[in-house]
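Participant: Sequence and predicted structure below; questions after.
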Amino acid sequence: MARRLNLPFDPIERAHENWARRWGPSPAMAAVTSVMRAQQILLGRLDAVLKPYELTFARYEALVLLTFSRTGALPLSKIGERLMVHPTSVTNTIDRLERAGLVRRRPNPQDGRGTLGEITERGREVVEAATADLTAIDFGLDVYDEASLREVFALLRPLRVEAGDFPEDGAPGR
């Protein structure tokens, strides 16, 4: 869990005030610092919920992705693409899930050199239980109402479009 600061002031607001005195106001600096702190807080909360399952959020995401696939299996390269992580991270994630008995590797019948990561029955059980626990805390965002959550999603979407995650119109391909 993210360390509680228990400060008598908002350290990001204070940093922004200092920044403004030195270089001028920068709402972008305050926003990005808030986003980065929010990430620390959320990862701490999510990882605490997932710890009893011996999962991190990254490993949980891989299991969820496999449950969404038609066959419960995907090429490792596709897992990396969908999770937006480096191939080395995918290998590490699948290694750990395999050691835990939640995923197995098997040859890709469509590509003789490729490997599929396939969720096991135990993996399906774990992802169902972990999902129930994460949903119970609204993925760590339980301090927000539904309208606010939709607003956060909408506010961050243009950043993801600009980064090239997907086209602005949401059309497939490209």
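Facilitator: On my side now, so go ahead. Numbers count the residues shown, from 1 in each chain.
Participant: which residues does Arg105 contact?
Facilitator: Ile94, Glu98, Thr115, Leu116, Gly117, Glu118 (C-beta atoms under 8 Å, 6 or more residues apart in numbering). The C-beta positions use only the backbone N, C-alpha and C, and glycine is treated the same way.
Participant: Those residues: which two are farthest apart?
Facilitator: Farthest apart among the contacts of Arg105 by C-beta to C-beta are Glu98 and Leu116. That separation is 11.8 Å.
Participant: The two: which has the busier surroundings?
Facilitator: Leu116 (24 against 16; other C-beta atoms under 10 Å).
Participant: Angles on the backbone of Leu5, please.
Facilitator: In terms of degrees, to the nearest 10, the main-chain angles of Leu5 are phi -90, psi -40.
Participant: I should have written Thr71 there, sorry.
Facilitator: phi -100, psi 0.
Participant: same check, this time on Thr115
Facilitator: Note on Thr115: its backbone torsions stand at phi -130, psi 140 [degrees, to the nearest 10].
Participant: The one 3 residues further on now?
Facilitator: Dihedral pair for Glu118: phi -130, psi 130, per degrees, to the nearest 10.
Participant: Mind listing the residues bridging to it?
Facilitator: Ala73, Arg104 (DSSP bridges).
Participant: picking that back up, report the lowest-confidence entry in the contacts of Arg105.
Facilitator: By predicted confidence, those are weakest at Thr115, whose pLDDT stands at 91.
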